[in-house]
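Visitor: here's my sequence, what's the structure:
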Amino acid sequence: MINDPRPSRGYGAARRFAILFVLMFACLLYAGHSESSIHHRLSVSIHAASGEISVTDEVSLDGPAVFSLAEGFDVSAEGGTLVRLRAADGIVDYRLEPEGSKAVILRYGGRVSGEGADIFGMPRAVVDGEGVFLDASSAWYPLFRVSTVTFDMEIVLPEDWELVGQGVLERLGNGRFRVEAKTPQEDIYLVAGPFTVYERPADGLPLSVYLIQPDEALASRYLDAMGAYLDFYDALIGPYPHDGFAVVENRWQTGYGMPGFTLLGSRVLRLPFLLKTSLPHEILHNWFGNGIYIDAAAGNWSEGLTAYLADYLVKEAQGDGAQHRQRSLARYADFASGGRDVPVAEFRSRHDDASQSVGYDKVLLVMHMLRHRIGDEAFVAGLRRFWEAQRFQRADFRDLLVAFESAGWDPEGFYDAWVARPGAPELAITRADAPEREGGYELVLGLAQVQQEAPYPLQVPVYVTLEGEPEARRLDVTLTGRDATVRMDFAQRPLRVDVDPAFETFRRLSELERPSALGRLFGAPRQWLVVPSRASAQAQSAWKELAQAWAGRYRNVEIVEDTAPPETSPGDAVWLLGWENLLLENLRERFAGQNQRLDAAGAVVDGATYGSAEHAVVLLDPDNSRPALGFIGAEGVTEIRRLASKLTHYGSFGRLVFDRPGMENRVRDRLDVEISPLSVRFEPAASLKLPPEPFLGDVAGLSLPGGGN
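Guide: Residues are numbered from 1 along each chain as shown. Presented below is the predicted three-dimensional model:
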């Protein structure tokens, strides 16, 4: 996944999912075709200059059927009677009755409406001189009341164009292509344009990179990584389900996944970290989301499972699993805790930061708890059982959990606690003593769940550091009720005890466990943005534009000037905007600590000085025990406007520096948590050293590209 949170097209796009759901529901209002799948035999011509398409579609029906099609088409039926039923939101429903023969040929043509754009500004449908993008949300092909489709399609494109194949692709010459999808699909995509195509087979599987601007070196990097990730997931889960995989450059800055390809924006595609973030995420969705389809009635399991086995697992392979889990828990605390979340069973797709923190971050930690409950071997076996049993079918959360069969584990109870319930447990140490006894020491540890909600069934990892042992010992404490007291005997003296220091349990972090980070301010009950009164009129206007942009996203923004300081309530966050801000005089010392300080000329970070004339700077109060306070220093209207969108991508970071005028990122640091309420030291100088975590791929002897294994 890209560094900023974003949806995936097809299986995961909130807008498109909603449109498809409405179309399916509308079809269910009519009696009609009840097959689980239907085959389309399509002939398509693209008229790029006029933005029109011409289509012939041959379908075989057992009886009367209802379908939906875009309103802009003139449609006729050969071999059947067509009745227009109703029109709404640019979509028309038709009733089709075959005349004797099962084969009916539908002919239609015209323009597809592109009204309605996603969060990246990409239209609902694209047919123009620069390319084509069509999927089911535009109803460019007849949408029958069926779960899946298969198809074969012949298409005529402008002669210098290339077609992205969703299935087996044949180039017939002179702008003609044929593509066949024999395995069940949820959608028929039509993606084409004047691409340069780079191809390479991997064990007989065609791999491709489609670029708007030729770049052989970039294509080669993607082809290398694609093959390695496909090999990894093929061995971990089961055989790759599609006929090839392609990375396709998009003129809009998207990160979308479809069966057999991913659509990445031109700038996104060139981000150096994308090969280890979005690429494995989109590849894995070919198994989960585009290989096993989502029955979202009981919650969308696909996004969280994919985030765990892609984004997270890459970090685990590099030895950074604990940090990734902490950031996931912090995002949940920032945006979804305090009654702002919903049960996982109600998560359909990401539509804001709160929903993402439930469907991605919470499910990621829930899958991690499941893995540790049953063990790595049983977890991998469960993934493989799930794939074998459900591929090309719809599956819900219960189907996923039942696949992880293991002695002594209750899938239904797990579902009730972590999928059906909202909220999260919150842990506290109620007692910690280590008295010396005859022959050794006794550690007495009291743990409690202190959230207002009923207790959750928990297995909490506790690490005990003992005198003379280089690594802490792990013990798992089971909490079936509100609290528990455990007693442990040791021959050596306990030096310290730490409860869940590696963030292996889904829970609500206390304020002292959450590092100072931009996300903590973004997710506060209110963000006060203090505009500098001494700035130029143009700069003040730019700061207010930034505040309005954030208000549209986070819906918690209040704007005040520095001549009238904000009247804050507990939990509120404050941003001081601009080097000229009058409140800096009394609050400058709040930004000192953890090798940073703010002075009149700029900022000093790790001994380096970043002057205000050459840099834009973001610093936070590093003391997370105090109310959240942030500072944004920028000169120039252009820089301020660019920060409005840039900073929302850096939610887990605590300080940032950008070079002017290009605004290239120079520094992005995460701040440390210096005190944890879930740690007790019996010896003040005792440090914590955790044993190395296992990598999931070790079970099958696998390694991830760029990982540490």
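Visitor: what is the helix ranked longest in the chain packed up against?
Guide: Criterion DSSP state H: the longest helix present in the chain is helix 216-236. When contacts are defined as 3 or more Cβ pairs under 8 Å, 6 or more residues apart in numbering; DSSP states H and E, helix 216-236 sits against strand 196-202, strand 205-211, strand 245-250, helix 278-284. C-betas here are computed from N, CA, C, even on glycine.
Visitor: packing partners for the helix or strand that the last one is followed by?
Guide: With elements assigned by DSSP states H and E, the helix or strand that comes after helix 278-284 is strand 293-294. Under the contact definition 3+ Cβ pairs under 8 Å, 6+ apart, strand 293-294 sits against strand 394-395.
Visitor: how near is Gly633 to Val44?
Guide: Going from Gly633 to Val44 by Cβ to Cβ, to the nearest Å gives 54 Å.
Visitor: oh sorry, the question was meant for Asp483
Guide: From Asp483 to Val44 the distance is 65 Å (Cβ to Cβ).
Visitor: repeat for Arg514
Guide: In this structure, Arg514 and Val44 are 53 Å apart, going by Cβ to Cβ.
Visitor: try Phe288
Guide: 30 Å.
Visitor: neighbour count: the two, which is higher?
Guide: Neighbour totals were compared for Phe288 and Val44, and Phe288 leads with 27 against 23 (other Cβ atoms under 10 Å).
Visitor: how much space between the more buried one and Trp252?
Guide: Distance, Phe288 to Trp252, using Cβ to Cβ: 25 Å.
Visitor: and what of Glu180?
Guide: The spacing between Glu180 and Trp252, counted by Cβ to Cβ, is 28 Å.
Visitor: identify each buried residue in stretch 218-230, please.
Guide: Residues of stretch 218-230 classed as buried by neighbour count (16 or more other Cβ atoms under 10 Å): Leu218, Ala219, Arg221, Tyr222, Leu223, Ala225, Met226, Gly227, Ala228, Tyr229, Leu230.
Visitor: residues contacting that stretch, please?
Guide: By Cβ atoms under 8 Å, 6 or more residues apart in numbering, the surrounding residues in contact with stretch 218-230 are 198, 200, 202, 205, 207, 209, 211, 240, 245, 247, 269-270, 275, 279-280, 283-284, 704-705.
Visitor: equivalent analysis for stretch 123-136, please.
Guide: Residues contacting stretch 123-136 (Cβ under 8 Å, 6+ apart): 9-10, 16, 20, 23, 46, 48-49, 51-53, 111-117, 122, 137-138, 140, 143, 157, 161, 186-194, 250-251, 258, 263.
Visitor: again with stretch 486-494
Guide: By Cβ under 8 Å, 6+ apart, the residues outside stretch 486-494 that reach it are 434, 436-437, 439-445, 447, 462, 464-469, 475, 477, 682-683.
Visitor: quick one: low-confidence ranges for the chain?
Guide: Per-residue confidence for the chain (pLDDT under 70) gives these ranges: 1-35, 706-709.
Visitor: if you set the cut-off to 80 instead, what comes out?
Guide: 1-36, 101-102, 117-120, 337-339, 407-408, 674-675, 705-709 (pLDDT under 80).
Visitor: how is it partitioned into domains?
Guide: For the chain, automatic domain parsing gives the domain ranges 1-194, 293-418, 427-513+677-690, 518-669.
Visitor: nearest to Val699, of the ones you listed?
Guide: The closest of the domains of the chain to Val699 is domain 293-418. By Cβ to Cβ, the value is 4.8 Å.
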